[in-house]
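Student: Here you go, sequence then predicted model.
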Amino acid sequence: MTGRLKFAVSLVAALALSAPVLTAATPASLSGSIAGFVRDSAGVPQMGASVLLFDRYERLIQRTLTNERGLFGFESLAPDFYSVRVNLASFVPAMKQKIAVQPGMQSLLYVDLASVLSSIELVYAAPGQGALMSDDWKWTLKASTSTRPILRFLPDSPPDPGDKPAGESAFSDTYGMLKVSAGDPGSLGGTSSQSDLGTAFALATSLFGRNRLQLSGNVGYSPGANLPATGFRTSFSRDGFGPEISVTMQQVYLPGRTGQSVIPGQTEGAPAIRAISVAMHDSLALSDQVRFDYGAVLDSITFLDHLSYLSKFARLTYSLGDSGAIQLAYSSGAPPVQFLSSEGVDNRTEMAANDAALAGDLAALSILPRLSLRDGSATVQHSQDFEIGYEKKVNSTTFDVTGYHESITNLAMTVSAPDDLFSPSDLLPDISSKSSVLNAGSLQRSGYAASVTQKFGDKLELGTSAGRAGALTAGSEDLPAATADELRSNLHPTQRFWASARASATLPVTGTIISGSYQWMDYRAIMPSHFYLTQRNYPETGLNIRVRQPIPAFLGMPGRLEASAELRNLLAQGYVTVSDAGQNVLLIQNPRAVRGGLSFIF
């Protein structure tokens, strides 16, 4: 026992023996406090972390920032249960629930922030006990404007669940994006199904400080389609409590083909594709080292027939501390776009995180079910993926290694062929009037990928990846007959190496953000894209360039403007040619596309 602690115990004992018996008129300590210390995995104090305090009804009641020593505090709290959430750029938020505040006691929090799994340790102490109650804690509690001590006590009354803190509006922390874009369309057999000309919006707001609501939608036009393509998505979550629930509705009218009809007697091309999906996604911290992400999506699709299927996904993350993290993942059905919207977010600043969250929501909305036709019946691509990954960060360098085994049925492949070459019951008209979607059958494949990413401050990032994956090759360049069955039987599974390099830079003065990537592979083979569950790098075929240019705001105009340009597979690589009687058929892995847009962000 230290000398300071012995002195404090002796002093408390002496005061207790000499104090008179308390009466009704004798004041008592009716409040407690919460204080904490925020640090990273290396033990370095973190200044400027945002700390939010919620009551037992999950309403935000106070907020503060850590000082230069990483300390924060909330004083004069009524005895009850509270929750604390700590946010800081480049770290996973830390959450601690059911923190009991007792009269005359202090709840001390040690917050360890990490890029994979953050944690909070709770210790209860009476004022003056131990080395934890140093002058630093007292200075923090007294110096914070939101936690200064009260001067008098009012009669205590139970809180009303319907009440909200004074000054708190129903909607807060609202931000949004409105975007118009034009260019080459995507494909139903690819990773994006954007229309030629489209308008999209995304809006996120906080309800009473804790409930998060996101709305997004798009409207797109394509030549040859009777009506515009539309989509709407609504997501609701409670920050730190419970799952995220989202509902997505999409409708796409496919362009008609001269002299062809999917349904006999129909003269205006294919019927509309209508899809409704309900998704649930949640994340649980099983321990300080283990996090479990899981969810499910129920899809209902109407096209020629009514199709319903359930997709499931899960990922277990085990943190090894400074030695990195191991992830095990599984998905069955459609790719989990919930991982797409959460993994690629750059948390260097709050504004960048908001922009990435909105962009991720719009990207998820632009992904349609991968439909195809086989003998006149509609089919949906289904994949089953088992994956294991390892990630380690050394200063500003990130290393990722991933291995997976994937089974794909009803593989949807983009093809370009003369209108009269194949039967209309085997080719689904694509969004683009120049391509179609073919059912390429099934594919069993295994693969691995390794990547290194190096950051140079906030302005430059370089990376490289390499791996091996399953692909499809054409056994012969000449088809015996112009049928979909002959084309499917001509495709053979194989293994191919690939390598890619990528770079992203922010230019000084103008603030232009330029990112580019190039993937090398054997372009005599078709390598279907793999949705990685345990790493953030998604190699894209050929040369890809994206540019974002901030535009100076007009005088007095709220928000900000940003122009963007996207060039996918600029060199049109990965096109495999087969022919029948001199008529060529192109099997396309990633269609070349050039798009541009203008965004208003507020």
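Tutor: Structure received.
Student: Please make it C-alpha for all contacts and neighbour counts, starting now.
Tutor: Fine.
Student: Let me see the ranges of the helices in the stretch 1-150 of the chain.
Tutor: Counting by DSSP state H, counting those that start in this stretch, one finds helices in the stretch 1-150 of the chain at the ranges 3-18, 135-143.
Student: hey, least reliable of the ones you listed by pLDDT?
Tutor: Least confident of the helices of the stretch 1-150 of the chain, judged by mean pLDDT, is helix 3-18 with a mean of 40.
Student: Give me the distance between the two termini of stretch 207-214.
Tutor: 11 Å (CA to CA, to the nearest Å).
Student: Quick check: chain neighbours aside, which residue is closest to residue 64?
Tutor: residue 51 (5.4 Å; CA to CA, 6 or more residues apart in numbering).
Student: who's that neighbour bridged to?
Tutor: residue 64, residue 86 (DSSP bridges).
Student: Check the burial of it by counting its neighbours.
Tutor: 22 (other CA atoms under 10 Å).
Student: ok, it - contacts?
Tutor: 63-66, 72, 84-87 (CA atoms under 8 Å, 6 or more residues apart in numbering).
Student: Out of the residues you listed, grab the one that's most surrounded.
Tutor: Going by other CA under 10 Å, residue 72 tops the contacts of residue 51 with 29 neighbours.
Student: Make sure it is actually in contact with residue 65.
Tutor: Yes. With contacts counted by CA atoms under 8 Å, residue 72 reaches residue 65, the gap being 6.6 Å.
Student: Pull up the pairing partners for the one helix or strand residue 548 maps to, direction included.
Tutor: Using DSSP states H and E, residue 548 sits within strand 542-551. Sheet pairing of strand 542-551 (DSSP bridges) gives strand 513-521 (antiparallel), strand 560-568 (antiparallel).
Student: residues in contact with residue 290?
Tutor: 117, 316-319.
Student: Return the set of residues that bridge with it.
Tutor: Going by DSSP bridges, residue 290 forms beta bridges with residue 318.
Student: that older thread, hmm, who's touching the strand holding residue 548?
Tutor: So strand 542-551 is in contact with 510-520, 560-574, going by CA under 8 Å, 6+ apart.
Student: Of these, which qualify as buried by neighbour count?
Tutor: Neighbour-count burial (16 or more other CA atoms under 10 Å) is assigned, among these, to 512-520, 561-570, 572-574.
Student: need the strands for the stretch 201-350 of the chain, in chain order.
Tutor: 211-221, 229-238, 241-252, 273-285, 290-303, 305-319, 325-333 (DSSP state E, counting those that start in this stretch).
Student: Show me what the second one pairs with in its sheet, parallel or antiparallel.
Tutor: According to DSSP bridges, strand 229-238 forms sheet pairs with strand 211-221 (antiparallel), strand 241-252 (antiparallel).
Student: can you list the residues that contact the last one?
Tutor: Outside strand 241-252, the residues that touch it by CA under 8 Å, 6+ apart are 228-238, 272-283, 365, 368.
Student: circling back: what would the strands of the stretch 201-350 of the chain look like in a markdown table with mean pLDDT and distance to residue 538?
Tutor: Converted to a markdown table, those look like this (pLDDT from 0 to 100; distance: least, CA to CA, whole Å):
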| stretch | mean pLDDT | distance to residue 538 |
| --- | --- | --- |
| strand 211-221 | 86 | 24 |
| strand 229-238 | 87 | 24 |
| strand 241-252 | 85 | 24 |
| strand 273-285 | 89 | 22 |
| strand 290-303 | 90 | 20 |
| strand 305-319 | 91 | 18 |
| strand 325-333 | 93 | 16 |
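Student: Make a markdown table from those strands and add distance to residue 176 to it.
Tutor: Listed next are these as a markdown table, based on distance: least, CA to CA, whole Å:
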| stretch | distance to residue 176 |
| --- | --- |
| strand 211-221 | 9 |
| strand 229-238 | 14 |
| strand 241-252 | 18 |
| strand 273-285 | 22 |
| strand 290-303 | 25 |
| strand 305-319 | 29 |
| strand 325-333 | 31 |
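Student: Which one, of the ones you listed, ends up nearest to residue 45?
Tutor: strand 305-319 (20.7 Å; CA to CA).
Student: Give me the residues contacting the closest one.
Tutor: Contacts for strand 305-319 (CA under 8 Å, 6+ apart): 116-117, 289-301, 325-334, 336, 377-378, 533.
Student: Surely residue 504 and residue 515 touch.
Tutor: Yes. Applying CA under 8 Å as the test, residue 504 and residue 515 come out as touching, 4.1 Å apart.
Student: Around residue 184, count how many other residues there are.
Tutor: 20.
Student: ok, back up a step: I'd like to know which of the strands of the stretch 201-350 of the chain is closest to residue 123.
Tutor: Closest among the strands of the stretch 201-350 of the chain, once you apply CA to CA, is strand 273-285, at 19.2 Å.
Student: And that closest one, what does it pack against?
Tutor: strand 241-252, strand 290-303 (3 or more CA pairs under 8 Å, 6 or more residues apart in numbering; DSSP states H and E).
Student: ok and the longest one relative to strand 325-333, angle-wise?
Tutor: The directions of strand 290-303 and strand 325-333 differ by 20 degrees, with axes from the mean of the first three to the mean of the last three CA atoms, to 10 degrees as the criterion.
Student: the inter-axis angle of strand 290-303 versus strand 273-285?
Tutor: Using the same axes, to 10 degrees: strand 290-303 against strand 273-285 is 170 degrees.
Student: Return the distance of strand 290-303 from the chain's centre.
Tutor: Distance, stretch centre to chain centre, for strand 290-303: 14 Å (CA atoms, centre = their mean, to the nearest Å).
Student: before we move on, what about the first one?
Tutor: Computed by CA atoms, centre = their mean, the separation of strand 241-252 from the middle of its chain amounts to 14 Å.
Student: List the buried residues for that strand?
Tutor: Neighbour count says strand 241-252 has 243-252 buried, by 16+ other CA under 10 Å.
Student: Output these as JSON lines; include the columns distance to residue 46.
Tutor: Below are the buried residues of strand 241-252 laid out as JSON lines (distance: CA to CA, whole Å):
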{"residue": "243", "distance to residue 46": "29"}
{"residue": "244", "distance to residue 46": "29"}
{"residue": "245", "distance to residue 46": "33"}
{"residue": "246", "distance to residue 46": "34"}
{"residue": "247", "distance to residue 46": "38"}
{"residue": "248", "distance to residue 46": "39"}
{"residue": "249", "distance to residue 46": "43"}
{"residue": "250", "distance to residue 46": "44"}
{"residue": "251", "distance to residue 46": "47"}
{"residue": "252", "distance to residue 46": "49"}
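Student: Okay, and the beta partners of residue 525?
Tutor: Here residue 525, judged by DSSP bridges, has bridge partners residue 473.
Student: can you pull the pLDDT of it?
Tutor: pLDDT at residue 525 comes out at 87.
Student: Hmm, it is touching residue 470, no?
Tutor: No. Using CA under 8 Å, residue 525 is not in contact with residue 470; the gap is 9.7 Å.
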